[in-house]
Each structure stands twice: as structure tokens, then as C-alpha cells.
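Peer 1: mind looking at a prediction? Sequence and model below.
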Amino acid sequence: MSKQGRLSVLLGAAPGVGKTYAMLEEGRRLLAAGQDVVIGIVETHDRAATAAMTEGLPAIPRTLIAHRGVELAEMDLAAVLARKPAIALVDELAHTNAPGSRNQKRWQDVAELLDAGISVISTLNIQHIESLNDVVEQITGVPQRETVPDSFLRSADQIEVVDLAPQSLRDRLSSGVVYPAERIDAALSNYFRLGNLTALRELALIWLADEVDQALKGYREAHSIDSIWEARERVVVALTGGPEGETLLRRGARIAARSAGGELIAVHVTSQDGLRSADPAALAEQRSLVEKLNGTYHQVIGEDIPGALVAFARSVNASQLILGASRRGRLAALFAGPGIGATVVRESGDIDVHMVNHAEAGRALALPPLTGSLTLKRRILGLVVALLGGPALTGVLMLLRSPDSITTDVLSYQLLVVVVALIGGFWPAVFAAVLSGFTLDFFFIEPLFTVHIHNPHHLLSLGLYVLIASLVSFVVDRAAHFTRAARRSAAEAELIQTIAGSVLRGDNAIQALIDRTREAFQLPGVRLLSGGQLVAASGEPVPDNHHTTIRIDEETVLELHGPDLAASDQRLLAVVTAQLSAAIEHQHLALTAEQIEPIAASDRVRGALLSALSHDLRRPVAAASAAIGGLRAAGAKLSAEDTQELLVTAEESLEALATLLTHLLDVSRLQAGVLTIAALPTDPAETIAPALDELQLGPGEVTLSLAHGDALAEADPVLLQRVLVNLLTNAHRFSPADRPIIIGTSTFADNLEIRVVDHGPGIPLEKRDDVFLPFQRLGDTDNSTGLGLGLALSRGFVEAMHGTLVPEDTPGGGLTMVISLPLVRHPSAQKDDS
């Protein structure tokens, strides 16, 4: 059997970072070192530098597979296996083979090579990892259908990230190294955005860091290494559900933040029966705090709390463990022995343990109340069974009595005690045990029909019987208590899960909470009032209006109509009210944001208009004044042509001034709340055409590349046309005469994009923010090019339509202005869905 080959994977954040080049470079190095290296398959994508690296490397010819009349070139797996090199270079691990191939996926081809003892060096992009597929789609908006299972990738002997800074990759793309010229602009504006590349790079590095962490953990387990390796600072905080939890978490976060890459890990230990005392509301709040501190929360099960804490800390390779100082009093510590903290310190080994003092330290815990585990009805029923069952059992045993039946008699009464314990709990069972003891003595132990016992051994046996019966009663009672509490815990968990599910499904969170509260506590009615006004209700109030009032905040109260809740229900009620308070706060924030948004949008438009007016008003006023002043001064001395030219100048200037004043009037209307933004489903082509007509730009000056199909943008057509006029004016001003302006449209994720591309001098990166500031002329229209609303006004209009206006580099030089607007569905599509 051949020795298994080794798999090395070069992982990249995006196409073009240099994975294939690095693979070929490694292949050439190994070939020079005397290794038997062949190219199984390499995709150069017509990149000259990559193709040059293949020279001198032996290559297996590809096999051609016919599919639908087209011949597709794939790796010849059989030929590689027959050649049996030491190392095969196989590009694009996630590739889907042509139909009719030996395997469906290329990673399956690689698996066969490895099984044959051939080592493989391959390449993969982060978006093709199965577990990250949905995450990458959320980032880029592009679904990936070719994926590699995580299990196969994690089995690789070596994974190396080929890293390249996002801006460097965009520069490489702009220079034509990655894609041909016709694909560059679309790539830069979509998948290869700076934000996308940054997120993908972070995702690749995090995935590899986790993989290295798992590899380190596996190595330590394989070599039975229990000592802590402080590769990074991991701080574990033990939570009990007590009020000291917040103090411990913040202390742990500060310790973790002292070192780069430090992790905060919170853990809560519950007993195996799930009944250990803890405040679920406090734990929920502390878990939320853990998330805010960028930590992780874990819950483990174990009866030995110190052992469970230390075992968990070792499992995550923790360097430090934080516990709160004991809340037991000195007397309790004296009789109960060493507490959890002392035991953890003793067993922690090389883990640093911090005992943090807090306000609750040293406070003795109150004993639980002495109450039965079962209802009063069950306890009374148990007593009835003991009172009736005892005489009945005695009568039966009297009829069957014999000199050797004493053992049967004792076991029969023992069974009665167990039955009473199952029905009525501890105290009825103890009563049955004592009663049956006297019955045994009176009816079955010599001398009969007296409570006097001649044989001391019989007295000892009777005493042991009563003791055993009492212990059995105690165990049965505790089991009933645990069962009841476990059922309640399951019900509480189900309630919380149901509430969370209602919110996640988009249901009204407050109404869902009210409905579930009434159902959980079996109340006739539940109402939520704010300022005396009804907010939500479920069920109907009771006729006598008897209810319990729970205050949620200063204005909001929760009314529980019906009988008072038991003390055992208060814990769950605290969780519900905490969730209700959070839901109310979220609703208030959402309502406030909704109310502020129209004001903010109007303010952005008003601000943009005023800024534009301030620097466009002076030119028409000055021109009109100069023309009229010239006419008045020269009078009849001017020729007819000069007079006409001054009149035209004055007319154009006054028209421009009238337009500006109209805008100013619109601002006043907007400020008064009588001018609104008419956001309508808009086809960008219907606004591009009038903007070109207004500027009198023909086919020789503008190239259209409209690829949005029938998609519509949610926009104000009039405002969008004004934005396009301004952007086209700037682009026409700066573009060379022989390079037409390009207007392109496309859809990306939930947005429709309009790109105005020029090939002029562009704008330096450090000055791009300046072009959107008022009172500047860099990249904006100057005083000789007409009205011009300015880029400040353009961005204000676009943002008022809930969009963005962003400058980008044009490949080969120039500036591309990208308008991104919310995408709406086509009316025909909406009609089809209805």
C-alpha cells in the first residue's frame, strides 16, 4: 500500500493575490532541489507573469471532454496517476470538473492523488470554503457554487495564506495584471471594492488563525501535554449567576486587553440535574455583557465545580482564571471545609488564578425555606394512603401469617412506605414508616398485641426498619423534587426559546412576550401600559380586576390579571420583564430613528442647496451687473453687435439667478415641511437621457454601458437628473477630447449603481474628501462653465435618497464617480408574486 501523499494548500482572500504564482514558484524550487515535480493543471488566466513561471516545469497534457458540442480541457487524472510523480501542482482546488469526468470536483481528484502516495500543492480562495460560503455572500453579494468541504481542507498537512494588502490588489487590478481591460472597471466597482477585500482578508487570516489553534491543540493532545502554552492570553472568568459577575467580567476584559490578541472567555458551571441555584436574569445580562466585551460565553455541566472549571480552562489553553471571592461566611467556611476558590488554586497547576474581591464577598447565604416538594393535595393524599393502606395491609398479612413470614411482612410494609413516598413525599412517608413500625411490633413480633419486645435484636431490627424507611422516603421525595424542578426548567427554557423565535421570525416582540407570559403563567389576561395608555394585551382582565402590577420602567407597567404568582414563578417573571424592557427600548429607538430620518434627509438637501447657492450666486449677479453697467456707461457709443452681446449676457445671468432663487425657495419649502423627496421606482436610463440632452452630449462624447436590465432604483428622478448633469459636466470638462465619457449601470447586492467614468487627470486620494466640501473648485465646475450645483449638492441629493456618492480611480487614469441607490423590484415581478 502506498504511503499517503501530503497536501499543501495556498489560501488567498481573493483572486489575483498571487496563489498560482506562489505555487509555481515553490514547484520550481522543489524541481531545482531534485524533486520529481509535474504540473497536473495550472490556470494562467492569460497572465504573462504566471505563464512565464510554468516554463521549465514538466506538465501533464490535459484531457479533452466533449460536452454539448464543446470540448472542455480538464486535468488528466489517469495520466498523473500513471506518471506517479512525487509532487503534483494542481491549481483551483474548488473547480467543478466537466460532466463526464472521473470525479465531479477537482478536490476529489486531489484525494485520489493523495491516496496514491502523490503529494499535491494546490490553491484556494477563502470564498470557496464550505462553512464560509454564506458569510462571503453577505460581504460581496456574490453566491459561490464551487466549494470545498471543511473536513477535506482541514485534513491538509499545510495551509499557507498568500497575503496581499487590499489597496495593493486593487492597484494590481487597475494595472491590468489580473483581468483584461474590459473587465477591470466592473471588478473594481463590485467584488474588488476596498471594503470587500479588507473583510475577505480578515476572514482568511481569522480562519487560518483558528486552524493553527486547532493544530496546536491537537499536537498537545497527541503528546499528552497538559501544561499551558501561552501562545496568546486567554482569560477565563467563572460566573455563578451572582451579582459579582459584572465586576469579574470587566476585570477579565482589562487583563485580556493588556496583550495583543487576548481572549475573554466566560464559563458557567451547572449541575448534571440542571438544578443548581443561579439567577437566569443575571446570567442573561452577564452573557450580553460578555458579547459587548468581544468575549465568548460557555456553559458546562459538572457536579465537581472546581474540577469542571480547571478542566475547561485547560481545554481552551487558558493562561489565567478569574473567580470571585467566596460569599460564604467564616462560620460556614469553618465547617464546610475549603471552598471552590481554594480548590481551584490547588488544582490549577500553571494557570494563574485571580481571586477578585467584590461587594457580596463574605456574606453568608440564607438557608432555603423548609417547604415540601409536592403540592398540599399530594401530601394529603399520601397521608390518606398511609392511614387506609396500613390497616388493609395488616389484615392481609394477618391472614397469611406464619412463623417464617416476618421477612415478607417487613418488605410488604417497606413497599407501602415507598408507595406513600411516591404519592405524598417525605413527611407522609415518615408517618407511614413510624406507623408501620408500631404495627409490626404489635401484630407480628412476640409478644403479640403489645408494644413490648422481648428480643433486643428485634428492637434493633425495628429501629433499622424505621430508619431505612425514612431514608427511602427522603430519596424518593428528593427525586420527585428534582423531576418537578427539571420539568419547570425545561418549560422555562421552552418559553424563552419561543419568545426568541417569535422575535427572530419578525413577529412583534412586545406582543409575543405578552402572549407567552399569559400562556406560561396560565393567567386570564396580561396587559402592558405606558403612561396609562394600553400598549399590548393578551386575554381578558378578570371581573374583579384583581391583578399584580410589575413596573418595567418609569412610564411602563405590566399588569398580570388573575391569582398571585407563586414564589417559584418570580425567577421566570424576572427574565420575561428583562426581555420586555429590552424590547420596549428597542422599539423606542426604532421609532425615534424613523421619526428623525425624514428630518435628517430634508436637512441634508437643505444644507447641500445652501452650500451650492453660496458659491454659485456671485457669478450671475456680477455678470448681470457688469453687462447692465456697460450698457448704461457706453450708451449710444456701442455698436449693435456689442449691445446685443451685453443683453444676452445679462439675460443668461438673470436666468441663472432665477434658477438659484428657485432652489432657495425650494429650501424654504423643505424647511417648512411642504417640499418632500419623491422617492419612486426609477429606471436610470430615463434620467440619463434627459441629462445628456440638457448638456447636448452626443454619441461621440459619451459611451453608454447599461447593464441593469429591468432593475429599478428607489430615487427622485428630478434630483437624480440634477446629480447626473453635475457629474457629467465635471467629467466632460476634464476628459480628453479623444476619450469619451463612459456611463455604466449595474446591480450589486441590494443596490443599483450608476458610474460616470472619465479619463482625465483624476483626483489624488488625499484630496477626494475635499471635492465634496463647499466653497472649493477642485474637480467641481468653475465660474466659466454654467450654473453647476457642485459636488457638495450632488452628494446631499444622493444621501437624501438613501444612497451614496463615492469617487474611485479609473483604470488607466481618471476619476469614476459611483452613485449607489437602493434597489427596488420591478413592478412586473411584484405583480407576479402577488
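Peer 2: Thanks, I have it.

Peer 1: contacts, neighbours, all on C-alpha from now
Peer 2: Fine.

Peer 1: for the helix or strand L513 falls within, name the packing helices and strands.
Peer 2: In this assignment (DSSP states H and E), L513 forms part of helix 509-521. Other elements packing on helix 509-521 under the criterion 3 or more Cα pairs under 8 Å, 6 or more residues apart in numbering; DSSP states H and E are helix 456-504, strand 525-530, strand 533-539, helix 570-616.

Peer 1: can you rerun that using 10 Å?
Peer 2: Judged by 3 or more Cα pairs under 10 Å, 6 or more residues apart in numbering; DSSP states H and E, the packing partners of helix 509-521 are helix 456-504, strand 525-530, strand 533-539, strand 556-561, helix 570-616.

Peer 1: now it and strand 525-530, what's the angle there?
Peer 2: Relative orientation of helix 509-521 and strand 525-530, computed by axes from the mean of the first three to the mean of the last three Cα atoms, to 10 degrees: 150 degrees.

Peer 1: quick one: mean pLDDT for helix 509-521?
Peer 2: Taken as a whole, helix 509-521 has an average pLDDT of 75.

Peer 1: hmm, R516 is touching A537, no?
Peer 2: No - with contact defined as Cα atoms under 10 Å, R516 does not count as touching A537 (11.2 Å).

Peer 1: mutual contacts of the two, please.
Peer 2: Here R516 and A537 have I510, V526 as joint contacts, going by Cα atoms under 10 Å, 6 or more residues apart in numbering.

Peer 1: contacts only, for the spatially most central residue of the chain.
Peer 2: Nearest to the geometric centre of the chain sits V135, at 9.5 Å (Cα atoms, centre = their mean). With contact taken as Cα under 10 Å, 6+ apart, V135 is in contact with Q127, G141, P143, L200, L203.

Peer 1: which one (most neighbours) among these?
Peer 2: Using other Cα atoms under 10 Å as the neighbour criterion, Q127 leads these with 29 neighbours.

Peer 1: from A204, how far out is that one?
Peer 2: 9 Å (Cα to Cα, to the nearest Å).

Peer 1: now T483: how far from E652?
Peer 2: 90 Å.

Peer 1: no no, S175
Peer 2: From S175 to E652 the distance is 45 Å (Cα to Cα).

Peer 1: also N751?
Peer 2: 39 Å.

Peer 1: which of the two has more neighbours?
Peer 2: Remark: of N751 and E652, N751 carries more neighbours, 19 against 16, as counted by other Cα under 10 Å.

Peer 1: the more buried one and D36, how far apart?
Peer 2: 51 Å.

Peer 1: tally of neighbours for V120?
Peer 2: Neighbour number of V120 under other Cα under 10 Å is 26.

Peer 1: which helices and strands sit right next to the helix or strand containing it?
Peer 2: Under the criterion of DSSP H and E, V120 resides in strand 119-125. With contacts taken as 3+ Cα pairs under 10 Å, 6+ apart, strand 119-125 sits against strand 7-12, helix 19-32, strand 37-41, strand 87-90, helix 106-115, strand 158-162.

Peer 1: you'd agree G803 is up against R795?
Peer 2: Yes - with contact defined as Cα under 10 Å, G803 counts as touching R795 (8.8 Å).

Peer 1: quickly list what's touching both of these two.
Peer 2: I819.

Peer 1: what about the helices in the stretch 151-300 of the chain?
Peer 2: Ranges of helices in the stretch 151-300 of the chain, per DSSP state H, counting those that start in this stretch, are 166-174, 181-189, 194-222, 245-257, 280-292.

Peer 1: among these, which gets the worst mean confidence?
Peer 2: Across the helices of the stretch 151-300 of the chain, the lowest-scoring stretch is helix 181-189, with a mean of 65.

Peer 1: got the buried residues for stretch 754-763?
Peer 2: I754, R755, V756, V757, D758, H759, G760, G762, I763 (16 or more other Cα atoms under 10 Å).

Peer 1: any chance of those in JSON lines, plus secondary structure and pLDDT?
Peer 2: Output for these, formatted as JSON lines (DSSP: H, G, I helix; E, B strand; the rest coil; pLDDT from 0 to 100):
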{"residue": "I754", "secondary structure": "strand", "pLDDT": "92"}
{"residue": "R755", "secondary structure": "strand", "pLDDT": "91"}
{"residue": "V756", "secondary structure": "strand", "pLDDT": "92"}
{"residue": "V757", "secondary structure": "strand", "pLDDT": "91"}
{"residue": "D758", "secondary structure": "coil", "pLDDT": "91"}
{"residue": "H759", "secondary structure": "coil", "pLDDT": "88"}
{"residue": "G760", "secondary structure": "coil", "pLDDT": "87"}
{"residue": "G762", "secondary structure": "coil", "pLDDT": "85"}
{"residue": "I763", "secondary structure": "coil", "pLDDT": "84"}
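
Peer 1: pick out whichever of these sits closest to A421.
Peer 2: Checking those against A421 by Cα to Cα gives I754 as the nearest, at 78.8 Å.

Peer 1: out of everything not next to it in sequence, what's closest to that closest one?
Peer 2: T745 (4.6 Å; Cα to Cα, 6 or more residues apart in numbering).

Peer 1: partners of the longest strand along the chain in the sheet?
Peer 2: Secondary structure of the chain per DSSP state E: the longest strand is strand 815-824. Partner strands and pairing direction for strand 815-824 (DSSP bridges) are strand 712-715 (antiparallel), strand 751-757 (antiparallel), strand 804-809 (antiparallel).

Peer 1: quick one: which of these is nearest D150?
Peer 2: Closest approach to D150 among the strands paired with strand 815-824 (Cα to Cα): strand 751-757, 31.8 Å.

Peer 1: send the alpha carbons of that closest one over as PDB?
Peer 2: The C-alpha coordinates for strand 751-757 follow below in PDB (Å, rounded to 0.1, in the frame of the first residue of the first chain):
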ATOM      1  CA  ASN A 751     -28.200  48.400  -4.800                       C
ATOM      2  CA  LEU A 752     -28.300  49.800  -8.300                       C
ATOM      3  CA  GLU A 753     -25.100  51.600  -9.300                       C
ATOM      4  CA  ILE A 754     -24.500  54.300 -11.900                       C
ATOM      5  CA  ARG A 755     -20.900  55.000 -12.800                       C
ATOM      6  CA  VAL A 756     -19.700  58.200 -14.600                       C
ATOM      7  CA  VAL A 757     -16.200  57.400 -15.800                       C
END
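
Peer 1: any idea of the mean pLDDT for whatever helix or strand comes next after it?
Peer 2: Next helix or strand after strand 751-757 toward the C-terminus (DSSP H and E): helix 790-800. Taken as a whole, helix 790-800 has a mean pLDDT of 75.

Peer 1: equivalent analysis for stretch 69-83, please.
Peer 2: So the average pLDDT for stretch 69-83 ends up being 89.

Peer 1: before we move on, the earlier item: give me the element the residue nearest to I754 is part of.
Peer 2: Using DSSP H and E, T745 sits in strand 741-748.

Peer 1: counting contacts, what elements does that strand pack onto?
Peer 2: Looks like strand 741-748 contacts helix 181-189, helix 684-695, strand 702-706, helix 717-734, strand 751-757, strand 815-824 (3+ Cα pairs under 10 Å, 6+ apart).

Peer 1: in its sheet, what does it sit against?
Peer 2: Partners of strand 741-748 in its sheet, by DSSP bridges: strand 702-706 (parallel), strand 751-757 (antiparallel).

Peer 1: which residues sit against the first one?
Peer 2: With Cα under 10 Å, 6+ apart as the contact definition, strand 702-706 has outside contacts at 684-685, 688, 692, 728, 732, 739-746, 754-758.

Peer 1: recalculate using a threshold of 8 Å.
Peer 2: A685, P740, I741, I742, I743, G744, T745, S746 (Cα atoms under 8 Å, 6 or more residues apart in numbering).

Peer 1: can you pull the contacts of A13?
Peer 2: N125, I126, Q127, V162, D163, L197, L200, R201, L203, A204.

Peer 1: can you add distance to V344 and give these back as TSV?
Peer 2: Shown next, in TSV, are the contacts of A13 (distance: Cα to Cα, whole Å):
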residue	distance to V344
N125	45
I126	42
Q127	44
V162	43
D163	43
L197	45
L200	41
R201	40
L203	37
A204	37
